[in-house]
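1. Using only what follows, build the 3D model:
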Amino acid sequence: MEPAGAPPPSCAPAREAEEPPGSPALPAERPRDGEPARKAREEAASAERSHGRGPAGRAARGGGRHGPEERGARTGRRPRVTVDSSKAKTSLEALKISLRQLRWREFPFGRRLPCDIYWHGVSFHDSYIFSGQVNKFPGMTEMVRKVTLSRAVRTMQDLFPVEYNFYPRSWILPEEFPLFVTEVRMMKESDPSWKPTFIVKPDGGCQGDGIYLIKDPNDVRLAGSLQSRPAVVQEYICKPLLVDKLKFDIRLYVLLKSLEPLEIYIAKDGLSRFCTEPYQEPTLKNLHQVFMHLTNYSLNIHSGNFIHSDNANTGSKRTFSSILCRLSSRGADVKKVWSDIISLVIKTIIALTPELKVYYQSDIPAGKPGPTCFQILGFDILLMKNLKPMLLEVNANPSMRIEHEQELSPGVFENVPSPVDEEVKVAVIRDTLRLVDPQKKKRKDIQSQTSEHVSETKEDLLDAGPAGGLEYDTSKTPEAGLPSLCLKQVFPKYAKQFNYLRLVDRVAALFIRFLGVKGTTKLGPTGFRTFIRNCKLSNSNFSMAAVDILYIDITRRWNSMGIDHKESGMCLQAFVEAFFCLAQKKYKSLPLHEQVASLIDFCEYHLAALDEKRLLCGRGVVERRSAVVACPTDGLEGTPALHAPLLNCTAAAGKLAGCRSHRYPGAVSPGAGRD
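-> Numbers count the residues shown, from 1 in each chain. Coordinates of the predicted model:
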């Protein structure tokens with residue numbers, strides 16, 4: 001089911017790329033006279049201090065040390081958001097423009113005191129950040145590698161093949177090379193007219209490095225690098241949508257604002273990157289013409305046909321909105337195109353989040369100090385001739401450069417500003433910062449506390465005039481003068497239409513529950529046995545010895561694939577496979593997604609009963625201790641209290657025994673009698 005009512009994009013760019021010079025600064029709170037105003041100021045300061053405890057609060061207070069341009073207004077100006085940009089790398093220029101527009105404080109060389117936001121150019125890892133927000137999720141770089149992404153999407157394709165048909169058929173090399181050869185041979189035998197082309201993409205490669213096309217599986221370059229650097233081979237999309245006879249793809253920017261709860265935003269505009277030679281369907285003669293088949297900007301920029309343009313509607317790099325405008329003029333249903341793209345993005349994120357949660361709890365365990373995370377992802381999407389979007393790949397570190405290289409003479413390049421890049425990328429970074437603004441909640445709290453004094457100070461404000469008035473006008477807020485947000489929330493907005501797909505998320509929650517040791521990403525044999533026992537999955541037909549064999553077989557096979565040898569044990573993908581096997585054993589007559597859903601319900605039911613039992617027993621222990629302290633010398637009045645925990649535990653055990661034979665109606669039955 002697609003998100004209903006997704007707004008059609010306009011033919012013009014969705015928002016301004018940059019504020020005009022001289023945009024208004026953050027409005028200062030001017031000095032106020034009178035006792036009510038003084039009281040309001042003191043309460044606001046008190047509220048701000050109450051939100052400033054711990055390292056994050058010290059960062060906020062440290063932000064109060066203004067530079068020379070703010071001397072004389074230190075006590076009246078709102079605290080500005082502080083951003084550490086010392087590791088921003090190639091996104092630095094776009095970030096600087098965004099911070100100037102927002103009037104936030106940048107620390108380009110880092111800062112001794114904590115900052116509100118840390119902007120990293122590559123990855124999350126930084127052991128010195130204990131508060132604030134970081135623009136990277138732990139594990140994201142690993143999750144969107146071509147092999148890992150293909151595995152995650154394939155798991156969802158096994159459960160929901162129709163919903164996940166936006167990802168090309170894929171095989172992982174070298175481990176699935178025999179399967180690749182066999183399946184291609186069988187498909188050719190069943191359909192002799194099928195003449196496929198395949199594209200081989202090295203795992204972890206970027207900017208088109210190592211990508212090549214083949215017609216025959218035997219043309220895969222198996223020797224040497226493939227053993228040390230796995231790859232994905234996919235069915236090549238031979239009938240893409242063409243504009244000006246050229247193949248192109250779409251770079252769309254997606255903000256993952258929060259993992260729990262899941263919150264996703266999509267930029268209303270993106271970039272269209274064009275090939276530089278007219279497209280022809282692949283043949284043995286043109287397979288090696290990369291400027292015809294590969295849309296990578298880093299490849300095509302070296303073509304003599306590459307066109308740098310300041311116009312968003314022309315050149316080898318254009319805005320996506322200009323393409324949609326052109327399609328709309330031809331009568332295409334651009335509203336459906338956007339709806340399909342939104343659906344593709346949400347489904348892809350749903351496929352990635354289970355393992356991301358495992359990485360997150362490993363790097364930032366619950367109960368320990370650490371930052372919160374958000375991240376901008378780059379989705380590369382290809383529109384087919386029938387306007388169906390297909391996912392090519394996801395980039396954890398999409399380029400945020402706003403200039404391009406121009407060759408002055410052979411081998412001599414210089415960086416030249418790119419208006420198209422700046423229009424799209426600055427808006428994405430700026431509005432991402434607006435959405436994660438840590439001061440927004442503080443401002444709301446202060447406004448709510450001071451609003452009750454507005455009526456008392458109204459007469460003073462009128463007398464004071466423009467120079468001494470308290471600014472409650474919404475036009476004077478920090479958002480004043482900025483364009484409307486270029487990022488549109490799509491989740492949880494459309495959660496009801498997609499929540500049924502989040503089965504693996506629930507499996508991952510079970511996996512994390514039984515990990516045991518904080519900071520680990522692998523499940524040991526004891527944890528797996530505890531999972532089986534607590535969820536009541538062993539019986540006469542599936543003994544604990546069979547449980548151990550299942551654990552050993554699946555774990556050994558996944559470890560042989562080279563999946564993270566830093567830790568021993570069962571990774572999440574292996575646990576998901578084991579869980580699917582258990583579901584198929586227990587619910588033999590149902591489709592796979594119903595089998596998995598039923599087993600999840602069964603496990604969650606028994607774990608909830610176990611938690612309730614522990615809670616009741618825990619309360620009983622507390623009551624017993626209280627009774628021992630309060631009991632009189634003869635002990636008679638304390639007898640009922642002393643027996644309370646026994647009564648509670650007995651009642652819980654009776655309730656649990658009664659639940660064992662309980663069955664849910666329909667597909668969500670715990671299925672106690674369906675072995």
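2. C-terminal to the helix or strand hosting residue 345, what's the next element?
-> Using DSSP states H and E, residue 345 maps to helix 334-363. Using DSSP H and E, the helix or strand that follows helix 334-363 in sequence is strand 372-373.
3. and the angle for the helix or strand that comes right after that following strand with helix 334-363?
-> Under the assignment DSSP H and E, the closest C-terminal helix or strand after strand 372-373 is strand 375-383. Here strand 375-383 runs at an angle of 140 degrees relative to helix 334-363 (axes from the mean of the first three to the mean of the last three Cα atoms, to 10 degrees).
4. Tell me the strands beside the helix or strand just after strand 375-383, with direction?
-> For strand 375-383, the succeeding helix or strand toward the C-terminus, using DSSP H and E, is strand 389-395. Each strand paired with strand 389-395, and its direction, by DSSP bridges: strand 375-383 (antiparallel).
5. Contacts for the partner strand next, please.
-> For strand 375-383, contacts defined as Cβ atoms under 8 Å, 6 or more residues apart in numbering pick out 135-137, 140, 144, 237, 240-241, 249-256, 295, 337, 341, 344-345, 348, 389-400, 428-429, 432. C-betas here are computed from N, CA, C, even on glycine.
6. just stretch 298-317 next, same as before
-> Contact with stretch 298-317 is made by 13, 207-208, 271-277, 290-291, 294, 297, 318-319, 321-322, 325-326, 404-406, 416, 418-421, 423, as judged by Cβ under 8 Å, 6+ apart.
7. Using CSV, list the CA coordinates for it.
-> Taking Å, rounded to 0.1, in the frame of the first residue of the first chain, the C-alpha atoms of stretch 298-317 are listed here in CSV:
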residue,chain,number,x,y,z
SER,A,298,33.0,10.9,-10.7
LEU,A,299,33.3,8.9,-14.0
ASN,A,300,31.4,11.1,-16.4
ILE,A,301,33.1,14.3,-15.3
HIS,A,302,36.2,13.0,-17.1
SER,A,303,34.2,12.7,-20.4
GLY,A,304,34.8,15.3,-23.0
ASN,A,305,31.0,15.6,-23.4
PHE,A,306,30.4,16.5,-19.7
ILE,A,307,28.5,19.9,-19.5
HIS,A,308,28.9,22.1,-16.5
SER,A,309,25.9,24.3,-16.2
ASP,A,310,24.6,27.0,-13.9
ASN,A,311,21.1,26.3,-15.1
ALA,A,312,19.2,23.6,-13.1
ASN,A,313,17.4,22.5,-16.3
THR,A,314,20.4,21.8,-18.5
GLY,A,315,23.8,20.2,-18.3
SER,A,316,25.1,16.9,-17.0
LYS,A,317,23.9,17.5,-13.5
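8. Show me which residues of that stretch are buried.
-> Of the residues in stretch 298-317, 299, 300, 301, 306, 312, 315, 316, 317 count as buried by neighbour count, 16 or more other Cβ atoms under 10 Å.
9. And those residues, which two are furthest apart?
-> 299 and 312 (21.9 Å; Cβ to Cβ).
10. tally of neighbours for residue 80?
-> 21 (other Cβ atoms under 10 Å).
11. Pretty sure it sits against residue 104.
-> Yes: counting by Cβ atoms under 8 Å, residue 104 is a contact partner of residue 80 at 5.6 Å.
12. Can you tell me which residue is spatially central in the chain?
-> Closest residue to the average C-alpha location of the chain: residue 256 at 3.8 Å, with Cα atoms, centre = their mean.
13. Is that residue located within a helix, as I assumed?
-> No: with DSSP: H, G, I helix; E, B strand; the rest coil as the criterion, residue 256 is strand rather than part of a helix.
14. Pull the contacting residues for it.
-> Taking Cβ under 8 Å, 6+ apart, we find residue 256 in contact with 137, 263, 264, 349, 374, 375, 377.
15. Could you give me the PyMOL syntax to select whichever of those are buried?
-> If you want just the buried ones from the contacts of residue 256 in PyMOL, going by 16+ other Cβ under 10 Å, the selection is:
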select buried, resi 137+263+264+349+374+375+377
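16. Pick the one among the contacts of residue 256 closest to residue 588.
-> residue 349 (32.2 Å).
17. Give me the spatial nearest neighbour of the closest one, chain neighbours excluded.
-> Once flanking residues are discounted, residue 349 sits nearest to residue 264: 5.6 Å by Cβ to Cβ, 6 or more residues apart in numbering.
18. so what does the host helix or strand of residue 232 touch, helix or strand wise?
-> Take DSSP H and E as the rule and residue 232 turns out to sit in strand 231-235. Contact analysis of strand 231-235 by 3 or more Cβ pairs under 8 Å, 6 or more residues apart in numbering; DSSP states H and E lists helix 146-159, strand 170-173, strand 198-202 as its packing neighbours.
19. Give me the mean pLDDT for the second one.
-> Along strand 170-173, the predicted confidence averages to a pLDDT of 93.
20. Given that strand, what are its sheet partners and their directions?
-> With DSSP bridges as the test, strand 170-173 pairs up with strand 231-235 (antiparallel).
21. now do the last one
-> When sheet partners are counted by DSSP bridges, strand 198-202 sits next to strand 212-214 (antiparallel), strand 231-235 (antiparallel).
22. how near is residue 105 to residue 338?
-> Distance from residue 105 to residue 338, counting by Cβ to Cβ, to the nearest Å: 37 Å.
23. cool, residue 522 as well?
-> 40 Å.
24. okay, the two: which has more neighbours?
-> Taking neighbours as other Cβ under 10 Å, residue 522 and residue 338 compare with residue 522 leading, 23 against 20.
25. Now residue 104: closest residue in space, sequence neighbours ignored.
-> Residue nearest to residue 104 in three dimensions, not counting chain neighbours: residue 81, with 4.4 Å by Cβ to Cβ, 6+ apart.
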